[in-house]
Each structure stands twice: as structure tokens, then as C-alpha cells.
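Chemist: coordinates only, no sequence provided:
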């Protein structure tokens, strides 16, 4: 790769590459398709690569989208002094995107986003929760089960528990019965998850409240939590299942739209009705930035109760940039399209 311009390299793992690798590793094709669907932002953003290239060009940058399997060879031919690496898709287990920031660090490249250690941490919900708890953040305690056996027993809970995969990269409960009232059911779900996906499950006390997404893009390196976009995500459901997720993104999302089965959740600013909760979430984000090292681009998922009690569920270092909520955030906070917001963010790092 050669360019006289400063260059933004966007590294992404395509759904198809992941699916083929999972099938070759013995996963059933249907399960592999479900797992690889978490990489749908690669599918959804690819049609806009020309738009991104044009936006970068207006800012004096070259834009090079690179599939993950080509990242090492592409970076070998790039100039670290004029190249910025932005990793679109993460992963350390089923997905491999976490290798990209590590490769960038190895080659001495500037990056957008957190360092590679956080790419690994956020993909293991049990370990991530332990670190967040040690930082004093309001994250539910968790147990861990594998194929019907406890590795760590969960705490007692009068409200029941919530069961979710540990490393599949999502907060979803997979099935509608993922909220359970007895721990025997939780172990049964762990057997089901292990059989289908080869994953452990995190078992946390169920926490009440409305689902909240906090989105962040640091258009300049000096941008702080004042730029956080914090919104209730109103889908009409208590939590998202695998079926809900499949209907929102990627090829399955497009099929759902074509069939008239796609219903985009409503976003409502938390600060409009619960300014106290909004302020708490900004303090949580500040703690994550200072204590954990989040920067540039990330999202946080939370539950907020009517009395402003806030529960931190998880953070993501590779938020779904082409998803409806992040596009809305770019428009509302920055007055920019996704492509222009990405291009300006990159330009402000390469040409401050």
C-alpha cells in the first residue's frame, strides 16, 4: 500500500470469513451463521466505503478498508508516521478483530479506540465484570457456569437471575427464557448454550429498569463526557434475544425490512426525564475513561430505574457504528453523517 496522503485504515472481519472458519471448526452452519451475525456492522458499512472515501478525501485523507485476514500484509507496507488504524470489529474467541489493534501496536501505528488489552477484556463478560466491580462501578455480581456446572456460583437474588453467553460479544439473553427464577434453570441454559455455541454463561441477579445506551465519539482528542449521547432504547421488550438481534442488522436485518418485520427501537434522551440518572452515567463514563482507559469511540449499556438507580451492564470498544443508534448519535451530537463524523475524527488525529 502506498499513498502520499495521511491514511485511515479501517480493519474489519467480514461475516462470511467468520462463518466459513466456524464451520471448518465443526460448528453447525446454522449456529455459525448466528455467531457470525455479530459482525453485521462489516456487512452494513461496506456499501458506504465509497462515501467514507469521499468524506476522508475532503479532509485530506486517503481511506483504505482492509479485511482482517489482509491486515498484517497491509500494515507491513504502510508508513506508521502517516497511518491511522481504526478497528471496526472486535473479538478474541469466535471473532478475531482484537488482533488488529495488537498488530497496530506491534507496527508502531496510531490507533482510534482503546488499546488491545481492552479489546480482550470487554469480550469476556465475567472477567470484565470483575474489573468493573474493582473500580467501584455499579455492575451486577456474576456467577459463571459451563455445560451445567458452576465454575463460580452466583449471588442470591430475590428478583431471579439473568443468563447470557460469556464471550459471544453481546448482552443478549439468546432466548426468551433467559430471565430465570431458579438456578436449576440457569444451569439448563448453560448446557443449551454450551451445546449450541461452546460458550460459558454469566449468571447475574436480574436488575430492573429501562435499557440505556450511552454512545461516545471523540471528534477531537480533547472531547470529554459532555459529548456522551445517553438514550433509553425502547424496543417494547425487557431484553434483547438472538432473534431480536438478527432482525436489526446485516443481511437478516435487510430481509426483515423487506418482509415488513423490522421495527427500529425508539431512542429517548435520558436527560429529558431523568437528569439525575444522566449525570450518574456521565460520572460512570468518566471513571471508565480514567480508570479503564476507554477513549475515542465506545458505548456503554446500562439499566436505569425510575428512582435514578443505575446498573452498568457492559462496555463495548467497537460499538456498532452503522447501527441506528450510533448514526442518530452522530446527527444529534455532532450534526454529521456517520461517514463525515468518522472522517473528521480521523483527520483530527492525523492532522491536529
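Modeler: In hand now; what should we look at? Just so you know, these numbers come straight off a predicted model, no measurement behind them.
Chemist: neighbours around the residue nearest to residue 31 when sequence neighbours are not counted, how many?
Modeler: Once flanking residues are discounted, residue 31 sits nearest to residue 196: 5.4 Å by C-beta to C-beta, 6 or more residues apart in numbering. Any C-beta I mention is one placed from the backbone N, CA and C, and that applies to glycine too. By other C-beta atoms under 10 Å, the residues close to residue 196 number 17.
Chemist: strands along this protein, start to end?
Modeler: 7-12, 62-67, 83-87, 110-112, 143-146, 149-152, 161-165, 179-180, 201-205, 210-217, 229-234, 266-269, 297-304, 310-316 (DSSP state E).
Chemist: can you give me the domain assignment for this structure?
Modeler: The chain is divided into the following domains under automatic domain parsing: 7-115, 141-205, 210-336.
Chemist: rebuild those as CSV, extending it with distance to residue 121 and mean pLDDT.
Modeler: Shown next, in CSV, are these (distance: least, C-beta to C-beta, whole Å; pLDDT from 0 to 100):
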stretch, distance to residue 121, mean pLDDT
domain 7-115, 9, 95
domain 141-205, 11, 91
domain 210-336, 8, 87
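Chemist: out of these, which comes closest to residue 349?
Modeler: Closest to residue 349 of the domains of the chain is domain 7-115 (C-beta to C-beta; 5.6 Å).
Chemist: gap between the two ends of the closest one?
Modeler: End-to-end span of domain 7-115 (C-alpha to C-alpha, to the nearest Å): 20 Å.
Chemist: same question for stretch 85-104.
Modeler: Stretch 85-104 end-to-end distance (C-alpha to C-alpha) = 7 Å.
Chemist: quick one: it to chain centroid distance?
Modeler: 12 Å (C-alpha atoms, centre = their mean, to the nearest Å).
Chemist: list the buried residues for it?
Modeler: 85-101, 103-104 (16 or more other C-beta atoms under 10 Å).
Chemist: how about stretch 137-148?
Modeler: 137, 138, 139, 140, 142, 143, 144, 145, 146.
Chemist: for stretch 147-156, same thing?
Modeler: residue 154.
Chemist: also stretch 275-288?
Modeler: Applying 16+ other C-beta under 10 Å to stretch 275-288 flags 277, 278, 280, 281, 282, 284, 285, 287, 288 as buried.
Chemist: what separation is there between the residue nearest to residue 31 and residue 275?
Modeler: In this view, residue 196 and residue 275 are 42 Å apart by C-beta to C-beta, to the nearest Å.
Chemist: what does residue 199 give?
Modeler: Applying C-beta to C-beta to residue 199 and residue 275 gives a distance of 38 Å.
Chemist: rewinding a little: just put the buried residues of stretch 137-148 in CSV and tack on distance to residue 122.
Modeler: CSV is the format used below for these (distance: C-beta to C-beta, whole Å):
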residue, distance to residue 122
137, 14
138, 17
139, 13
140, 16
142, 15
143, 19
144, 16
145, 21
146, 20
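Chemist: among those, which two are most distant?
Modeler: 138 and 146 (26.7 Å).
Chemist: and the residue lying closest to residue 17 once chain neighbours are set aside, how many neighbours?
Modeler: Spatial nearest neighbour of residue 17, excluding adjacent residues (C-beta to C-beta, 6+ apart): residue 69 at 6.4 Å. Residue 69: 12 surrounding residues under other C-beta under 10 Å.
Chemist: swap in residue 220?
Modeler: Neighbours of residue 220 using other C-beta under 10 Å come to 12.
Chemist: and it, what does it touch?
Modeler: Contacts for residue 220 (C-beta atoms under 8 Å, 6 or more residues apart in numbering) come out as residue 348.
Chemist: who wins for proximity to residue 223 among the strands of the chain?
Modeler: Per C-beta to C-beta, nearest to residue 223 of those: strand 210-217, 7.8 Å.
Chemist: sheet partners, orientation included, of that closest one?
Modeler: strand 229-234 (antiparallel), strand 297-304 (antiparallel) (DSSP bridges).
Chemist: which residues sit against the longest one?
Modeler: Under the contact criterion C-beta under 8 Å, 6+ apart, strand 297-304 has outside partners 112-114, 171, 207-218, 232, 270, 274, 277, 281, 284-285, 288, 310-321, 326, 345.
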